[in-house]
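>>> this one's structure only:
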């Protein structure tokens, strides 16, 4: 194949035909200020088609290497695109589903933003479009064909969507019309962590891409807004699919920024309303939707909830919960319970994960999903971590003295972002391990991808110091956050934990099995233990063992157990006689 025409490959002749067909090229370009581009992965060369001069980019014509392209962009921007393209190649080779797309915002030297969007269409070829985002994003939008065009004061400068005030005004006009409408407000989960990990400028690019996707999904007939820093809204005529489902399908696709895979998820609140003379005021409608968002958050990241009357009391309920939670920390109602981790080859106990439980004197056991958010909002995550860590080390000391534990036995404790940043964390962990006489990695500390990526370099230093102090280090929820594989090699992990969302669909979803296989391969390549979360039955355990995953936890073995129950489970698994309580 000659460098002069990298489309002459046998399996890519259709792309050559596309570029050679003026009508097809015009059909692809006429709906937007775009150029078509193709990239040859094997030779590292671009080819552009379209009116580059209309975008003020006359140099984007013919074939260009990444180095030749670099002269148009800010320093490092083409390096990021190269990383995106190479990551795509690796993901495709590994057979990971959903990783055949390219999305990358790049800043020109004149500070305009170009949005490269594409898809791998053949063995070594990526085909896509490039659009000037800055021009499109900042145009005031129309809410309907009647010609609504509010002043720029009602437009969000970053995304070109309505801001909160503009949304209220435009919604009032739309709701005056007869019809059945749905309002959905989506709150981007973990945006604060994303901001800290990538910096404000890169995080703004993520918001810009999300706004672009929202317009692509709903068009001009809907009222679209960015209500706050990380909150988007859609008001549109009711239809099928449901608005929340349509919004989720549009927004929750992988974004690649600065070499990181960002997996956006939204907590969504929905309200249905009739338009016309008796329609609700837009401010009241928005208030109800945002109450529903809070209800969705209580279900965990990615939840959705519809407005109901009983949500009106939730604000007061939350205040009461926070007051009781403060008392619970003082009165000793917060405890560490332990969920077994089992060797899937032998069925013998391999360790435990320590999990926080609130034992309320009147309401009984309150699971963490019901109080962790409040604990975080109250700034008490370090207090919670100290309780769980100290309780776990005491149990470990007791069990080591009473039983002949198997080699490599461990108990994992979750480490939150505030704890990672706590000044004396390493000293405290080192002291606890030394005083209890624990062998290396007997106490294992788990961190999530998103917490690591808040400040990867600082986190690396803390984790390395914890490893040197004798703790094992596990990466929790692997595959669900935003991460760079380069950090998997740089950070001192000895364990990967596969998120339960992949395990729960392993038997029914071929894509989940591919993801699990890929993670297991990564684990083997990096010399890491791999633990599967959410193992619910023996069939699933046997399937995971056959795939090469030899550690698992889940309700199929046991739920989280009180310390006395965990000890009984441990003793029975090791063949000791268990005395009745």
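Everything's here; your move. Because the structure is a prediction, the values reported are computed rather than measured.

>>> which residue ranges form the strands in the stretch 51-200 of the chain?
Counting by DSSP state E, counting those that start in this stretch, residue ranges of the strands within the stretch 51-200 of the chain are 62-65, 101-107, 113-122, 125-132, 179-188.

>>> neighbouring strands for the second one, and are they parallel or not?
Translated: strand 101-107. Applying DSSP bridges, strand 101-107 is found paired with strand 113-122 (antiparallel).

>>> Between strand 125-132 and the strand it pairs with, find me the angle.
Interaxial angle, strand 113-122 versus strand 125-132 (axes from the mean of the first three to the mean of the last three C-alpha atoms, to 10 degrees): 160 degrees.

>>> Please compute how far strand 113-122 lies from its chain's middle.
Chain-centre distance of strand 113-122: 21 Å, with C-alpha atoms, centre = their mean, to the nearest Å.

>>> Could you pull out the buried residues of that strand?
Neighbour counts over strand 113-122 (16 or more other C-beta atoms under 10 Å) mark 113, 114, 115, 116, 117, 118, 120, 121, 122 as buried. Quick note: C-beta positions are derived from backbone N, CA and C, even for glycine.

>>> Between those residues, which sits nearest residue 86?
Closest to residue 86 out of the buried residues of strand 113-122 is residue 120 (12.1 Å), distances taken as C-beta to C-beta.

>>> longest single helix anywhere in this structure?
For the chain, the longest helix by residue count, based on DSSP state H, is helix 381-402.

>>> Check which residues of that one are buried.
Those would be 381, 383-385, 387-389, 391-393, 395-397, 399-400, for helix 381-402 by 16+ other C-beta under 10 Å.

>>> what do you get for stretch 456-469?
The neighbour-count check on stretch 456-469 (16+ other C-beta under 10 Å) flags 456, 459, 462, 463, 465, 466, 467, 469 as buried.

>>> From those, which land in helices?
Taking DSSP H as the definition of helices, the buried residues of stretch 456-469 contribute 456, 459, 462, 463, 465, 466, 467.

>>> I'd like those residues as a markdown table, with distance to residue 251 and pLDDT appended.
What follows is those, written out as a markdown table (distance: C-beta to C-beta, whole Å; pLDDT from 0 to 100):
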| residue | distance to residue 251 | pLDDT |
| --- | --- | --- |
| 456 | 25 | 81 |
| 459 | 28 | 89 |
| 462 | 33 | 95 |
| 463 | 32 | 95 |
| 465 | 38 | 96 |
| 466 | 36 | 97 |
| 467 | 37 | 96 |
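
>>> can I get these in JSON lines with distance to residue 38?
Listed next are those as JSON lines, based on distance: C-beta to C-beta, whole Å:
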{"residue": "456", "distance to residue 38": "33"}
{"residue": "459", "distance to residue 38": "39"}
{"residue": "462", "distance to residue 38": "44"}
{"residue": "463", "distance to residue 38": "42"}
{"residue": "465", "distance to residue 38": "48"}
{"residue": "466", "distance to residue 38": "47"}
{"residue": "467", "distance to residue 38": "45"}
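
>>> Dihedrals phi and psi, residue 226?
When read as degrees, to the nearest 10, the backbone of residue 226 gives phi -110, psi 110.

>>> That one and residue 183, how far apart?
Using C-beta to C-beta, to the nearest Å, residue 226 is found at 15 Å from residue 183.

>>> Find the nearest non-adjacent residue to residue 460, please.
residue 491 (5.4 Å; C-beta to C-beta, 6 or more residues apart in numbering).

>>> wait, that neighbour sits on residue 462?
No. In this structure residue 491 lies outside contact range of residue 462 using C-beta atoms under 8 Å: 10.2 Å.

>>> re earlier: quick one: which of the buried residues of strand 113-122 is nearest to residue 288?
residue 115 (34.3 Å).

>>> And the next helix or strand past the lowest-mean-pLDDT helix or strand in the chain?
None of the helices or strands of the chain scores lower by mean pLDDT, DSSP states H and E than helix 22-29, at a mean of 42. Using DSSP states H and E, the helix or strand that follows helix 22-29 in sequence is strand 34-40.

>>> Could you check the angle the very next helix or strand once past that next one makes with strand 125-132?
Where DSSP H and E defines the elements, the next helix or strand beyond strand 34-40 is strand 45-49. Calculated by the same axes, to 10 degrees, strand 45-49 forms an angle of 50 degrees with strand 125-132.

>>> Residue 216: neighbour count?
Residue 216: 10 surrounding residues under other C-beta atoms under 10 Å.
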